[in-house]
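S.K.: just a sequence and a predicted model for now, questions to come.
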Amino acid sequence: MSYAEVYERWKADPNGFWMEAAEAIDWVEKPSKALFDENAPHYEWFSDGMVNTCWNAVDRHVEQGRGEQVAIIYDSPITHTKREITYVELRNRVATLAGALRDKGVTKGDRVIIYMPMIVEALEAMLACARLGAIHSVVFGGFAAHELAVRIDDAKPKCIMAASCGIEPGRLVHYKPLLDGAIEQAKHKPEFCVIYQREQEVAQLTEGRDVNWHGFQYGVQPAECVPVEGNHPAYILYTSGTTGQPKGVVRPTGGHLVALNWTMKNIYNLEPGDVFWAASDVGWVVGHSYICYAPLIHGNTTIVFEGKPVGTPDAGVFWRVISEHKVKSFFTAPTAFRAIKREDPNGEYVNKYDLTGLKALYLAGERADPDTIKWAQRMLGVPVIDHWWQTETGWAIAGNPLGIEKLPVKIGSPSVPMPGYDVHILDEGGHEVGANTLGAIAIKLPLPPGTLPTLWNAPERFEKSYLSHFPGYYETGDAGYKDEDGYLYIMARTDDVINVAGHRLSTGAMEEVLASHPDVAECAVIGVADELKGQLPMGFLCLNAGCTRDHGEIVRDCVKLVRDQIGPVAAFKLACVVDRLPKTRSGKILRGTMAKIADGLDFKMPATIDDPAILDEIADAVKRLGYPQAA
């Protein structure tokens, strides 16, 4: 069947489509139907089925005779360590860890916070919770104590599982003092903490509260898988909210299993046994969906990588991992590729490795600028697939479904909506706009299986944040358009659409133009306050390594490029060269924070910022341009 036929089949009979997809999952009790709409707009999927995620991700592959297949490859250039864990080993380790948690009183519905680096034990902790029906909430390892405390008070965990430290290039991140500080600040206190001691740092345990990861599993009876309802939360994942209070996205078990399993063949074109690598972190949604759950549910081998795209040790580390572990499908953020391109613009490292096993590269997490896509296509000679999704959805809203049909790639577009997503472009009044017209991207309810049904302990906030602006739709918070072929273009967060003298302009479109300059490695455009025009665009340019051209000359080139390609209406005159851009640990550029600096407004230090010192550099650059001059 073609993509169009599959999409139409879903539209004609959503219940039948998803019930058929659910056949690929092992149910303890099969659901009577797919969609439960009694509590609309809080839609649920497979609610009356009984199922266990850990069974589907681990045990069933052992039962089917594939226990000796490698489930997880751990590759840590930071610690110079590699190891492989088979499905049977994984089952035994997870069952014992779950047994130890059960013996300490963790049961179905209890929350467990996981605060760990990119090590195999982080996945084992997630799976052990799933085995018991406990609801895990992974908090990015090394998050500040205050941010961890906020999540402790919201999730109210019975237990916290943490490591002694994380390891960054050239430094240790001491997790235990951060954990202790967070528990001290939090009103809610966990009953106990399980600490995985890494050899790089052995932390001091707090008597009466902390237990040693290995010691507390000694002599324990392995736990069996506990069946849970299809609508039982598998996990809570906190995403930053506009109020500064994090939003706890709830992921329901049944829909999560069905949707993720469906994506592995249909979107990523993988067969069980193939090696899949998502270069992300378990603290983010990509790490949940595509490092831990989807590959294991589908019977693939997944890679846990503890390193960086450059500097551990060089810009060739991704190619080494792909070559050495025979990765068939690779998924990362565009920012990782921009970092590699900046260090190795001519792809000298690419040529050192045999990448013939790699069949496709997938990009997501932010807009993939055309220049980065073209560079990746040139270097790798495989399809480079941009696809678009959110923490809230857990899997792709739009993509190019290589397992169904390879659609023509349109650079700058994540292609077309996936089955389950009825995507519309709306104006401020909620009316559909025509092709090639910028508007708010909204998805007609119900959202498909695996997406958020609500926010943890905050159903009213869920409705206010996502459903109230356009009744009957989920508001994505992104702006973009559809072309005449139905291809979607994501141009900016709705907040990043700027209004220059009454013209609504996409900062993403300007970034696309700037990134096409041969000396520009990456860039960001923000809107700054202007008394005359309301807002003006301001550009920040990072140059390729080794670029020796005069910065003023490059800025003049870039201003002319925007004027030529977008027009004088953009009024693009403010631009400067900076060494680096402020980003979250997952690689998203902090444009909102940059705009507040430029406008001289107070801002809250983003919890997810990778290096706060960069904000001082941005403030200096903004001053050189004669700002802030907030209206």
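M.R.: Perfect, thanks for sending it.
S.K.: can you pull out the strands in the stretch 251-400 of the chain?
M.R.: 275-278, 301-305, 327-332, 360-363, 384-386, 398-399 (DSSP state E, counting those that start in this stretch).
S.K.: JSON lines for those strands, including mean neighbour count?
M.R.: Placement of C-beta: from N, CA and C, glycine included. Listed next are the strands of the stretch 251-400 of the chain as JSON lines, based on neighbours: other CB atoms under 10 Å:
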{"stretch": "strand 275-278", "mean neighbour count": "24"}
{"stretch": "strand 301-305", "mean neighbour count": "23"}
{"stretch": "strand 327-332", "mean neighbour count": "23"}
{"stretch": "strand 360-363", "mean neighbour count": "22"}
{"stretch": "strand 384-386", "mean neighbour count": "25"}
{"stretch": "strand 398-399", "mean neighbour count": "25"}
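S.K.: ok, which of those strands comes nearest Cys225?
M.R.: Closest approach to Cys225 among the strands of the stretch 251-400 of the chain (CB to CB): strand 301-305, 19.8 Å.
S.K.: name every strand pairing with that closest one and say which way it goes.
M.R.: Applying DSSP bridges, strand 301-305 is found paired with strand 70-76 (parallel), strand 275-278 (parallel).
S.K.: so in the chain, where's the weakest helix or strand by average pLDDT?
M.R.: strand 503-506 (a mean of 75; mean pLDDT, DSSP states H and E).
S.K.: helices or strands next to that strand in the packing?
M.R.: Under the contact definition 3 or more CB pairs under 8 Å, 6 or more residues apart in numbering; DSSP states H and E, strand 503-506 sits against strand 497-500.
S.K.: one step back: what's the closest of the strands paired with strand 301-305 to Ala24?
M.R.: strand 275-278 (16.8 Å).
S.K.: tabulate the strands of the stretch 251-400 of the chain in a markdown table, adding columns for mean pLDDT.
M.R.: A markdown table is the format used below for the strands of the stretch 251-400 of the chain (pLDDT from 0 to 100):
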| stretch | mean pLDDT |
| --- | --- |
| strand 275-278 | 98 |
| strand 301-305 | 98 |
| strand 327-332 | 97 |
| strand 360-363 | 96 |
| strand 384-386 | 96 |
| strand 398-399 | 98 |
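S.K.: same list, those, but as a markdown table with distance to Ala71 please.
M.R.: Listed next are these as a markdown table, based on distance: least, CB to CB, whole Å:
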| stretch | distance to Ala71 |
| --- | --- |
| strand 275-278 | 11 |
| strand 301-305 | 6 |
| strand 327-332 | 15 |
| strand 360-363 | 21 |
| strand 384-386 | 25 |
| strand 398-399 | 25 |
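S.K.: out of those strands, nearest to Glu184?
M.R.: Judged by CB to CB, the one of the strands of the stretch 251-400 of the chain that comes nearest to Glu184 is strand 301-305, at 30.8 Å.
S.K.: how far off strand 327-332 does that closest one point, in degrees?
M.R.: Strand 301-305 runs at 50 degrees relative to strand 327-332, counting by axes from the mean of the first three to the mean of the last three CA atoms, to 10 degrees.
S.K.: for strand 301-305, list the C-alpha coordinates in PDB.
M.R.: The C-alpha trace of strand 301-305 is given here as PDB (Å, rounded to 0.1, in the frame of the first residue of the first chain):
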ATOM      1  CA  THR A 301      19.300  -3.600  19.100                       C
ATOM      2  CA  THR A 302      19.500  -0.100  20.600                       C
ATOM      3  CA  ILE A 303      22.600   2.000  21.400                       C
ATOM      4  CA  VAL A 304      23.300   3.900  24.600                       C
ATOM      5  CA  PHE A 305      25.900   6.400  23.800                       C
END
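S.K.: sorry, back to before: now distance to Tyr466 too, for the strands paired with strand 301-305, in TSV please.
M.R.: Shown next, in TSV, are those (distance: least, CB to CB, whole Å):
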stretch	distance to Tyr466
strand 70-76	34
strand 275-278	25
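S.K.: where does the chain have low pLDDT?
M.R.: 240-244, 494-495, 502, 504, 629-631 (pLDDT under 70).
S.K.: next, the angle from the longest helix anywhere in the chain to strand 70-76.
M.R.: Longest among the helix segments of the chain by residue count, using DSSP state H, is helix 87-103. Interaxial angle, helix 87-103 versus strand 70-76 (the same axes, to 10 degrees): 80 degrees.
S.K.: strands paired with the next helix or strand after helix 87-103, and their directions?
M.R.: Per DSSP states H and E, the first helix or strand lying C-terminal to helix 87-103 is strand 111-115. When pairing is defined by DSSP bridges, strand 111-115 lines up against strand 135-138 (parallel), strand 159-163 (parallel).
S.K.: and those strands: which comes nearest Met510?
M.R.: strand 135-138 (35.2 Å).
S.K.: who's in contact with that closest one?
M.R.: Strand 135-138 is contacted from outside by 109-116, 122, 125-126, 129-130, 151, 155, 157, 233-238, 248, 282-283, 287-288, using CB atoms under 8 Å, 6 or more residues apart in numbering.
S.K.: would you reformat the strands paired with strand 111-115 as JSON lines and include distance to Pro582 and mean neighbour count?
M.R.: Formatted as JSON lines, the strands paired with strand 111-115 follow (distance: least, CB to CB, whole Å; neighbours: other CB atoms under 10 Å):
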{"stretch": "strand 135-138", "distance to Pro582": "24", "mean neighbour count": "26"}
{"stretch": "strand 159-163", "distance to Pro582": "27", "mean neighbour count": "27"}
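S.K.: closest one to Pro628 among those?
M.R.: Nearest to Pro628, of the strands paired with strand 111-115 and by CB to CB, is strand 135-138 at 37.2 Å.
S.K.: just the CA trace of the closest one, in CSV.
M.R.: C-alpha atoms of strand 135-138 as CSV (Å, rounded to 0.1, in the frame of the first residue of the first chain):
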residue,chain,number,x,y,z
ILE,A,135,5.2,5.2,37.0
HIS,A,136,8.7,6.5,36.3
SER,A,137,9.8,10.1,35.8
VAL,A,138,13.3,10.5,34.3
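S.K.: measure how far it is from the centre of its chain, please.
M.R.: From the chain centre to the centre of strand 135-138 is a distance of 16 Å (CA atoms, centre = their mean, to the nearest Å).
S.K.: care to break the protein down by domain?
M.R.: Residue ranges for the domains of the chain, per automatic domain parsing: 87-226, 501-624.
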